[in-house]
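Colleague: Based on what follows, work out the 3D shape:
(one chain, ligands or ions: 1)
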Amino acid sequence: MLRKLPGDHTRDLVSTVPTQVVFRPVVVPTPAIVTILVALFRALAGVVRTVWRHPVACLAAAVPAGLCLLYGWRTGLLTPVAVLSGLTGWRFTHPASFSRWVGLRLRAWWVLVWVYRRHWQPVMVVSGLAKHIGGREYLPRLLKVTCTPTADMVAVKMLAGQSADAWQERADNLAHGFARPQCRVTVGSPGRVVLTFPRRDVLATPIPALPIPSVPVVASVPIGLREDGAPYLLKLHGTHVLVAGATGAGKGSWLWSAVRGLLPAAAAGLVELWALDPKRMELSYGRSLFGPRYAADPADCADLLEAAVTIMQGRADRYAGVQRTHVPTVDDPFVVVLVDEVAFLTAYQTDRKLKERTLAALATLTTQGRAVGIAIVAALQDPRKEVLSIRNLFPDKIALRLDEPSQVDLVLGDGARDRGALADQISSYPQVGAGVGYVRLEADPEPVRVRAAYVTDTDILAMVRCYAGTGEAR
Ligand SMILES: Nc1ncnc2c1ncn2[C@@H]1O[C@H](COP(=O)(O)OP(=O)(O)OP(=O)(O)O)[C@@H](O)[C@H]1O
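Modeller: You can find the predicted model right below:
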């Protein structure tokens, strides 16, 4: 109407204020039969849609109703009673499968209706994700809610032309709007985002040291848990990992969890664990696991790194034109060089020559080592470029508790904090926050929140008792 007669629209104006123009709706007289037919069609479409979307719920209502009509209310009542008793029995005998097939689905339906759909319009409008154009309101579409044991996942179709960044910037508004502690926004398929609202933090309490793998594992090592409760495996073979975190952030638990996971492979000769421990306070505790490949003095550390470079070059010469990737074997084991507080060897090293040797060896290993089976796992307190100029040579990064918001992007790369990596907000209370961090892998820009298991001194002593001598030169 307005498009056909552009001059007419002022006739329908009800009020204008500087920020808002309100139109009186245009009333078109319609014959009653048309209105009735439209209403009937809508009702029918609604019934078909409901049956299509919720077949089980419809069946659950239809069967007792049908039995009631055919055989009376006593028989009709029998079905829901039998179903309820069955469900109760299932709930108590197999809680895990009940939760997966029934509990979480019921919960998803309930939070869809009671939380997300009920508050959708006001939250979208107030957070600025809805749009008003020509007096009409356009809302992003709430597609589906699924529940995991720890979080609600809300799939959303964005408005045409909207970007995921706009949602990431309003993650805080969404969390408060739906009364959830946090909201993380991830990109689904084009035009869609998934909002993850954690209900309970599975990472809020320390995770005891994980069992030592029963078989040698090399590629991905069990480290701890992800925020969705799934086990977290850290890929080490074919990459290098930088773990950055303020003092007391729990960097040690990442290093020790990696060592613990690799011990069977080291015992089988498929992995060599090398340790550089300039502070002498971390890896020295399990020193006998590393045999002669342990160094604490900066000069010894530089020697050890150069020895790794020599191995790397030897392998590169042998592999050239023969093989392009490394396969761990007893003759060519996967070499994992653990470096605690790498800044002691680089930025804080006063001997310039030593510092240059160390940096050159680290840079050579991080640029050329992964294809020939050498990985560096380095821990660092201060992530500034002046402290570790080669930090970008580490493909995979982990940000544990950091002191300032700006440090998050320094560690994980631009935009990581906007994508939900709130490493500066991790609790400094060790019980709650030590070992917790955000992981950003080379292959995936979405940061994942993870907690490393806590390998205590007692666990390390037990590891030493079982595996001492593992690192002796073969
Ligand atoms: N994964 C963990 N879960 C629970 N508590 C932990 C964990 N990791 C470490 N802690 C606790 O936090 C304290 C500090 O840990 P840790 O020494 O590993 O930190 P750090 O980051 O290496 O600190 P620094 O850089 O000062 O050496 C430990 O003494 C321990 O009590």
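Colleague: What's the separation between the residue of the chain found nearest the ligand and Thr150?
Modeller: Nearest residue of the chain to the ligand: Gly435, at 2.3 Å (C-beta to the nearest ligand atom). In this view, the C-beta of every residue, glycine as well, is placed from N, C-alpha and C. As judged by C-beta to C-beta, to the nearest Å, Gly435 and Thr150 stand 18 Å apart.
Colleague: Neighbour count: these two, which is higher?
Modeller: Set side by side, Gly435 and Thr150 show more neighbours around Gly435, with 27 against 17, by other C-beta atoms under 10 Å.
Colleague: Hmm, Ala453 and that one touching each other?
Modeller: Yes: contact criterion C-beta atoms under 8 Å: Gly435 and Ala453 qualify, at 7.5 Å.
Colleague: Pull the contacting residues for the closest residue to the residue of the chain closest to the ligand other than its chain neighbours.
Modeller: The shortest distance from Gly435 to any non-neighbouring residue, by C-beta to C-beta, 6 or more residues apart in numbering, is to Gly250 (3.5 Å). With contacts defined as C-beta atoms under 8 Å, 6 or more residues apart in numbering, Gly250 is in contact with 400-401, 430, 433-437, 452, 454.
Colleague: go on, Leu143?
Modeller: Residues counted as contacts of Leu143 (C-beta under 8 Å, 6+ apart) are 155-157, 192.
Colleague: what's the pLDDT at it?
Modeller: Model confidence at Leu143, given as pLDDT, is 95.
Colleague: same thing with Trp109?
Modeller: With respect to pLDDT, Trp109 scores 91.
Colleague: which is the next helix or strand following whatever helix or strand it lives in?
Modeller: Assigned by DSSP states H and E, Trp109 belongs to helix 104-111. Toward the C-terminus, helix 104-111 is succeeded by helix 118-127 as the next helix or strand (DSSP H and E).
Colleague: average pLDDT across that following helix?
Modeller: On average, helix 118-127 scores 96.
Colleague: So which elements touch that helix?
Modeller: Packing partners of helix 118-127 (3 or more C-beta pairs under 8 Å, 6 or more residues apart in numbering; DSSP states H and E): helix 171-177.
Colleague: now for the helix it packs on, which elements pack on it?
Modeller: Helix 171-177 packs on helix 118-127, strand 184-187, strand 192-198, going by 3+ C-beta pairs under 8 Å, 6+ apart.
Colleague: For the residue of the chain closest to the ligand, give me its contacts.
Modeller: 206-207, 224, 249-250, 253-254, 400, 451-454.
Colleague: ditto for Met463
Modeller: Shown in contact with Met463 (C-beta under 8 Å, 6+ apart): 212, 259-260, 263, 286, 289, 455.
Colleague: Among the residues you listed, which ones are in helices?
Modeller: Applying DSSP state H to those, the entries found in helices are 259-260, 263.
Colleague: Tell me which two of the contacts of Leu143 sit farthest apart.
Modeller: Using C-beta to C-beta, the two most remote members of these are Ala155 and Lys157, lying 7.9 Å apart.
Colleague: measure stretch 132-144 end to end?
Modeller: Its start and end residues considered, stretch 132-144 measures 24 Å (C-alpha to C-alpha, to the nearest Å).
Colleague: Kindly report the same for stretch 451-464.
Modeller: OK, stretch 451-464 end separation, C-alpha to C-alpha: 24 Å.
Colleague: from here on, count from 878
Modeller: Noted, 878 is the first residue going forward, which turns the last one into stretch 1328-1341.
Colleague: hang on, the earlier thing: in the contacts of Gly1127, which residue is surrounded by the most others?
Modeller: When neighbours are taken as other C-beta under 10 Å, the top entry among the contacts of Gly1127 is Gly1314 (33 neighbours).
Colleague: which neighbours does the helix or strand hosting that one have in its sheet, and in what orientation?
Modeller: Here Gly1314 sits within strand 1313-1318, counting by DSSP H and E. Strand pairing for strand 1313-1318, determined by DSSP bridges: strand 1273-1276 (antiparallel), strand 1321-1329 (antiparallel).
Colleague: From the chain's centroid, how far away is the very next helix or strand once past the last one?
Modeller: This means strand 1321-1329. Sequence-wise, the next helix or strand downstream of strand 1321-1329 (DSSP H and E) is helix 1334-1344. Its chain's C-alpha centre and that of helix 1334-1344 lie 31 Å apart, by C-alpha atoms, centre = their mean, to the nearest Å.
Colleague: in the protein, which spans are helices?
Modeller: Under DSSP H, the chain gives helices at 909-930, 932-948, 950-970, 972-975, 981-988, 995-1004, 1041-1046, 1048-1054, 1128-1144, 1175-1196, 1229-1245, 1282-1289, 1307-1310, 1334-1344.
Colleague: In TSV, list those helices along with distance to the ligand.
Modeller: Shown next, in TSV, are the helices of the chain (distance: least, C-beta to the nearest ligand atom, whole Å):
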stretch	distance to the ligand
helix 909-930	44
helix 932-948	42
helix 950-970	33
helix 972-975	26
helix 981-988	28
helix 995-1004	35
helix 1041-1046	28
helix 1048-1054	25
helix 1128-1144	3
helix 1175-1196	17
helix 1229-1245	19
helix 1282-1289	14
helix 1307-1310	4
helix 1334-1344	9
